[in-house]
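Student: Model the following, please.
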Amino acid sequence: MATGQLPFDDLSGMNYLAYLVTSTKPRYAKGLSRDARRLLNELLEKDPEKRLGTTGDIRSHPFFRSIKWAELESLKVPSPFKPEGFSPEDLKATYTGPLPFLENPESEVPPDDPMVLQEFSYVNSSW
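Tutor: Numbers count the residues shown, from 1 in each chain. Presented below is the predicted three-dimensional model:
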């Protein structure tokens, strides 16, 4: 996530991953700031009713205190990171057709899709 590492350790199987996500606390890199840890903990809250984003606007979280949202939305803020040697033209070779998840965003994900974890069926009604 924020550190380039998974917040849960073991990926030995989807069932075990589901167990880790639902039953254990994530571990973070030592150098992560207090606000970043708090943000991740609130985003990874097990109870969907208490999870950040359900209980209020994540923009008000202290982690984002330096963000000027109106300027960001109006594209007046320069990107904090620009990959070297990259241009939008580079994407043309990678993405040659329509992205399947954009074709019909209202469609249901098939229950037999291998990426679906049956234990995670919650969808906030306001989304």
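
Student: what about L39, helix or strand, and which?
Tutor: Following DSSP states H and E, one finds L39 within helix 34-43.

Student: For the helix or strand just after that helix, buried residues please.
Tutor: Counting by DSSP H and E, the next helix or strand C-terminal to helix 34-43 is helix 69-73. Neighbour counts using 16 or more other Cβ atoms under 10 Å place no residue of helix 69-73 among the buried ones. Where C-beta positions appear, they are placed from N, C-alpha and C, glycine not excepted.

Student: Does anything pack onto helix 69-73? Which helices or strands?
Tutor: With contacts defined as 3 or more Cβ pairs under 8 Å, 6 or more residues apart in numbering; DSSP states H and E, helix 69-73 has no helix or strand neighbours.

Student: Can I get that helix in PDB? Just the C-alpha atoms.
Tutor: Listed in PDB are the C-alpha atoms of helix 69-73, where the atom choice follows Å, rounded to 0.1, in the frame of the first residue of the first chain:
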ATOM      1  CA  TRP A  69      -8.500  20.000  -2.600                       C
ATOM      2  CA  ALA A  70     -10.000  22.700  -4.800                       C
ATOM      3  CA  GLU A  71      -6.700  23.400  -6.400                       C
ATOM      4  CA  LEU A  72      -6.100  19.700  -6.900                       C
ATOM      5  CA  GLU A  73      -9.500  19.200  -8.500                       C
END
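
Student: could you point out which element follows it?
Tutor: Taking DSSP H and E, what comes next after helix 69-73 is helix 89-94.

Student: Not counting its own residues, what contacts that following helix?
Tutor: The contact list for helix 89-94, computed with Cβ atoms under 8 Å, 6 or more residues apart in numbering, is empty.

Student: quick thing: my sequence starts at 8, can you match it?
Tutor: With the count now opening at 8, the last piece we talked about shows up as helix 96-101.
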